[in-house]
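Provided below are the primary sequence and the corresponding predicted coordinates.
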Amino acid sequence: MADLDKNKNSLDNKDQAWSARFAEPVAELVQRYTASVDFDKRMALVDIQGSLAHAEMLAAQKIISAQDYEEIQKGMAQILSEMKDGTFTWELALEDVHLNIEARLTKLVGDAGKRLHTGRSRNDQVATDIRLWLRGAIDEIQSELTAFRTGLLGLAEKHAETIMPGFTHLQVAQPITFGHHMMAYAEMFARDAERLNDCRKRVNRLPLGSAALAGTSYPIDRERVAKTLGFEGVCQNSLDAVSDRDFAIEFCAAASLAMTHISRLSEELILWMSPRVGFIDLPDRFCTGSSIMPQKKNPDVPELARGKTGRVNGNLISLLTLMKGQPLAYNKDNQEDKEPLFDSADTLRDTLRIFADMVPHIQVKAETMRAAALQGFATATDLADYLVKKGLPFRDAHEAVAHAVKACSMKGCDLSDLDLADLRDACDLGNNANLIEEDAFEVLTLEGSVNSRKHTGGTAPEQVKKAIAAYRKTLG
Ligand code: ARG
């Protein structure tokens with residue numbers, strides 16, 4: 001009996017010790033504590049993809065036979081179909097996705113399955129899986145991001161001429177167009193796309209071949225595996241390849257920034273939808289009601305997006321903290337990399353998908369925006385600039401208009417409500433009063449103000465339209 005036991009595959013039996021080196025099976029709580037299969041099984045497809053590329057290379061290098069490779073292919077095809085129809089059974093006792101698949105393979109094809117792990121360790125295997133998985137996740141996120149950015153662009157275009165107050169310190173500052181405001185977000189999300197694209201380059205390098213930490217003595221061909229799996233290159237140091245997760249941290253940082261931009265937009269949507277502001281409305285399908293207050297329509301989607309930014313930021317901090325104390329090379333700590341990474345990718349993808357759907361349907365209340373822009377002396381800077389163009393130093397012009405604003409505040413009217421004599425009077429310019437002429441009223445209009453800001457990056461409708469056209473080209 002003892003001899004028979006010795007021949008048994010240690011991956012076969014969950015009640016068995018890890019290997020011949022161990023005198024007893026792992027304690028039950030420890031088994032649950034150390035297992036990752038519940039969350040890493042979502043990497044099953046890339047795990048199989050990586051294993052097949054590895055086996056193909058082993059066969060090409062004559063490290064295993066062509067026959068073994070064929071058996072492995074057959075077994076993996078069977079496993080894939082079991083996964084598809086839901087009959088594949090995951091065992092907690094088999095710890096992770098890698099050992100579960102290898103055990104099933106060995107059950108299906110025998111010795112060929114046992115040869116798959118030649119020249120490989122779970123350390124380079126898992127690093128490869130995460131990179132393959134993340135590459136796919138980034139591509140998915142990029143396509144959601146493109147849809148969202150396209151939606152933003154459409155909204156900006158529709159409102160290239162819609163005037164709203166621009167704010168600083170949440171106080172009315174100067175008139176802008178809603179299209180310009182949307183294009184500010186389009187710029188942020190363009191940088192997010194750029195960042196993800198840049199991060200993808202560093203994700204897309206092959207760790208496999210590093211084995212446990214030092215490489216392997218088999219005559220492997222890493223470039224061949226990299227090519228099969230679509231990696232742009234191979235990791236150049238085996239210790240680094242199995243241990244660092246900076247590529248995942250970098251992704252989480254990019255995801256945090258993207259969520260931060262979504263959160264800022266969300267905050268504005270929430271504020272604008274408040275009846276006190278009333279700049280926009282959101283379609284009912286993106287809002288929910290209250291269980292007690294029948295009149296309520298709450299902007300839950302933007303609120304949740306703002307809230308979920310917190311957990312995505314938390315994921316970034318988790319990974320940074322996970323990494324900071326680890327000596328080279330692989331440590332089991334790294335198993336904790338997956339849940340935060342998956343969560344950031346899922347949250348960003350879903351948020352972008354919902355926003356891509358929602359943004360084109362934002363209902364803009366142009367009249368309310370315009371009325372708000374007419375309050376708060378949004379064109380005061382324009383009057384100061386007018387005086388500067390007439391020769392007054394800017395500081396004096398600033399002071400003159402401040403006088404006029406004070407006078408209007410007391411009267412309860414706007415600068416443009418004054419007639420020429422009153423405006424001259426209100427500016428308190430003394431001998432320079434006649435610098436102000438009838439044409440001053442042109443710059444005090446909202447249109448006059450926005451139209452004059454027509455340089456690159458300005459809010460003039462003609463410039464916003466130019467920016468939209470240029471941006472559209474980059475979206476492809
Ligand atoms: N489940 C492990 C992880 O996610 C796989 C690598 C285990 N390697 C080891 N030497 N225990 O990191």
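That came through, no problem.

Run the chain-centre distance for the longest helix along the chain.
Ranked by residue count and defined by DSSP state H, the top helix of the chain is helix 122-158. Centroid separation between helix 122-158 and its chain, computed with CA atoms, centre = their mean, to the nearest Å, is 8 Å.

for stretch 109-124, same thing?
Mean-position distance between stretch 109-124 and its chain equals 36 Å (CA atoms, centre = their mean).

Show me what counts as buried in it.
Residues 109, 112, 113, 115, 116, 117, 119, 120, 121, 122, 123, 124 are the ones in stretch 109-124 that count as buried (16 or more other CB atoms under 10 Å). C-betas here are computed from N, CA, C, even on glycine.

any weak-confidence spans in the stretch 1-150 of the chain?
For the stretch 1-150 of the chain, the stretches with pLDDT under 70 are 1-14.

which residue ranges form the helices in it?
Secondary structure of the stretch 1-150 of the chain, counting by DSSP state H, counting those that start in this stretch: helices at 2-7, 28-34, 37-40, 44-60, 66-84, 97-109, 111-115, 122-158.

export those helices to a markdown table and tack on distance to residue 212?
Output for the helices of the stretch 1-150 of the chain, formatted as a markdown table (distance: least, CB to CB, whole Å):
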| stretch | distance to residue 212 |
| --- | --- |
| helix 2-7 | 24 |
| helix 28-34 | 18 |
| helix 37-40 | 18 |
| helix 44-60 | 15 |
| helix 66-84 | 21 |
| helix 97-109 | 13 |
| helix 111-115 | 17 |
| helix 122-158 | 5 |
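
wait, which of these is closest to residue 259?
With CB to CB as the criterion, residue 259 lies closest to helix 122-158 of these, at 11.3 Å.

Remind me what the closest one packs against, helices and strands.
Using 3 or more CB pairs under 8 Å, 6 or more residues apart in numbering; DSSP states H and E as the contact criterion, the elements in contact with helix 122-158 are helix 44-60, helix 97-109, helix 178-203, strand 205-206, helix 238-243, helix 246-273, helix 338-358, helix 461-475.

Kindly present those as CSV, with separate columns for distance to the ligand.
Putting these into CSV (distance: least, CB to the nearest ligand atom, whole Å) gives the following:
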stretch, distance to the ligand
helix 44-60, 10
helix 97-109, 6
helix 178-203, 17
strand 205-206, 17
helix 238-243, 9
helix 246-273, 12
helix 338-358, 6
helix 461-475, 37
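
and the two most separated of the buried residues of stretch 109-124?
Going by CB to CB, the pair spanning the buried residues of stretch 109-124 furthest: 109 and 123, at 24.2 Å.

and this structure, which of its residues are near the ligand?
Residues of the chain lying close to the ligand by CB under 6 Å from any ligand atom are 36, 40, 96, 122, 123, 126, 330, 332, 334, 335.

which residues sit in contact with the residue lying closest to the first one once chain neighbours are set aside?
Spelled out, that is residue 36. With sequence-adjacent residues excluded and distances taken as CB to CB, 6 or more residues apart in numbering, residue 36 is closest to residue 96, at 4.6 Å. Listed by CB atoms under 8 Å, 6 or more residues apart in numbering, the contact set of residue 96 reads 35, 36, 37, 40, 122, 126, 335.

And the second one, how far from residue 164?
To tie it back to what came earlier, the one meant is residue 36. 50 Å (CB to CB, to the nearest Å).

and what of the third one?
Counting by CB to CB, the separation of residue 37 from residue 164 is 53 Å.

These two: which has the busier surroundings?
The neighbour comparison of residue 37 against residue 164 (other CB atoms under 10 Å) goes to residue 164, with 28 against 18.

Ramachandran angles for the more buried one?
Main-chain dihedrals, residue 164, degrees, to the nearest 10: phi -140, psi 160.

List the contacts of it.
Contacts of residue 164 by CB under 8 Å, 6+ apart are 175, 176, 177, 178, 181, 279, 369, 370, 372, 373.

so what pLDDT did the residue minimising distance to the centre of the chain get?
Against the mean C-alpha coordinate of the chain, by CA atoms, centre = their mean, the closest residue is residue 255 at 3.3 Å. Per-residue confidence (pLDDT) for residue 255: 99.

Kind regards, and thank you for your time.
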